[in-house]
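Student: What would the 3D arrangement of this be:
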Amino acid sequence: MSVRAFYDDLAPLYHLIYEDWETSVARQGAGLASLILESWGPDVHTVLDAALGIGTQALGLLGRGFQVTGSDISTGAVSRARAEAATRSLPLVSLVADFRALPMRSAIFDVVLVCDNALPHLDSEADIQGALAECLRSVRHGGGCLISMRDYESSPPAGTVEVRPYGERLWAGRRYHLRQVWTWHGPRYDLSLEIAPADGAEAEVSVLKTSYLAIAVERMATLMRTAGFEHVRRVDGRFFQPVLIGTRPR
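Tutor: Have a look, this model is predicted:
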């Protein structure tokens, strides 16, 4: 399953990943707004969310007065983000795009976001470097880039299988069990996301598959510096994942 197909299929169910998606939207928006203010000051207004998904981060920032443009490789995810924004009367500008080739003019955003472990979906460090170069191109001088990602430790032996449960979710009057299953292949792993009705209706079980490169946070920071960002730093405890922040030189 391609990354695009994974998120197209996941879009209607994506909120189930969170115990309370609406609360997560508000919490993540507040966390990101605080980090943006701290890093680039109060004059930041325009944000590119280059891994929009269904709008978890963008909706939170829009609700706090930021002007947000969102892009994502998944048509299904973008469509849902547009619908969620419309329901809230929020002015989201959105488009379908690969963050390795953003169809925007250079230096027009104050901040570019790539959150929720999106960059490690790419096949190689070279691909990640290309995406970071696009982030650098898109942000104004003195603006910056904010990335969130999983904090990977060393890769276990090939063939290792790890089960990571989310727990139970209630949606539309039914209960669901969610879990991730990771199957390791050296520095990469295949991820299966299993969404199963708690009443045992096996015909309704959804199994969505994708893969990730288990790149370390410190290595991602090095790639940001190589792309041209300066003052790259790691921030822990302010978001649900470790955050990397870097600034485009003036």
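Student: Spatially, what comes nearest to Leu122 if we skip its sequence neighbours?
Tutor: The spatial neighbour of Leu122 that comes closest, neighbours along the chain excluded (Cβ to Cβ, 6 or more residues apart in numbering), is Ile128 at 5.2 Å. Any C-beta I mention is one placed from the backbone N, CA and C, and that applies to glycine too.
Student: From Gly246, how far out is that neighbour?
Tutor: Between Ile128 and Gly246 the computed distance is 14 Å (Cβ to Cβ, to the nearest Å).
Student: re the thing from before, give me the number of residues near the residue nearest to Leu122?
Tutor: The local packing count at Ile128 equals 24, with neighbours defined by other Cβ atoms under 10 Å.
Student: Who are the contact partners of it?
Tutor: Taking Cβ atoms under 8 Å, 6 or more residues apart in numbering, we find Ile128 in contact with 119-120, 122, 213, 215, 220, 223.
Student: In TSV, list those residues along with distance to Gly159, neighbour count and pLDDT.
Tutor: Formatted as TSV, the contacts of Ile128 follow (distance: Cβ to Cβ, whole Å; neighbours: other Cβ atoms under 10 Å; pLDDT from 0 to 100):
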residue	distance to Gly159	neighbour count	pLDDT
Leu119	25	25	98
Pro120	20	17	98
Leu122	23	20	97
Leu213	18	19	97
Ile215	20	22	97
Met220	26	21	98
Leu223	28	21	98
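Student: which ones among those are found in strands?
Tutor: For the contacts of Ile128, the ones inside strands are Leu213, with DSSP state E as the criterion.
Student: can you put the contacts of Ile128 in JSON lines and add distance to Phe229?
Tutor: Converted to JSON lines, the contacts of Ile128 look like this (distance: Cβ to Cβ, whole Å):
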{"residue": "Leu119", "distance to Phe229": "13"}
{"residue": "Pro120", "distance to Phe229": "18"}
{"residue": "Leu122", "distance to Phe229": "17"}
{"residue": "Leu213", "distance to Phe229": "20"}
{"residue": "Ile215", "distance to Phe229": "16"}
{"residue": "Met220", "distance to Phe229": "11"}
{"residue": "Leu223", "distance to Phe229": "9"}
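Student: quick one on the thing from earlier: surely the residue nearest to Leu122 is within a strand?
Tutor: No. Remark: Ile128 does not belong to a strand; assigned using DSSP: H, G, I helix; E, B strand; the rest coil, it is helix.
Student: Good, we can wrap up now.
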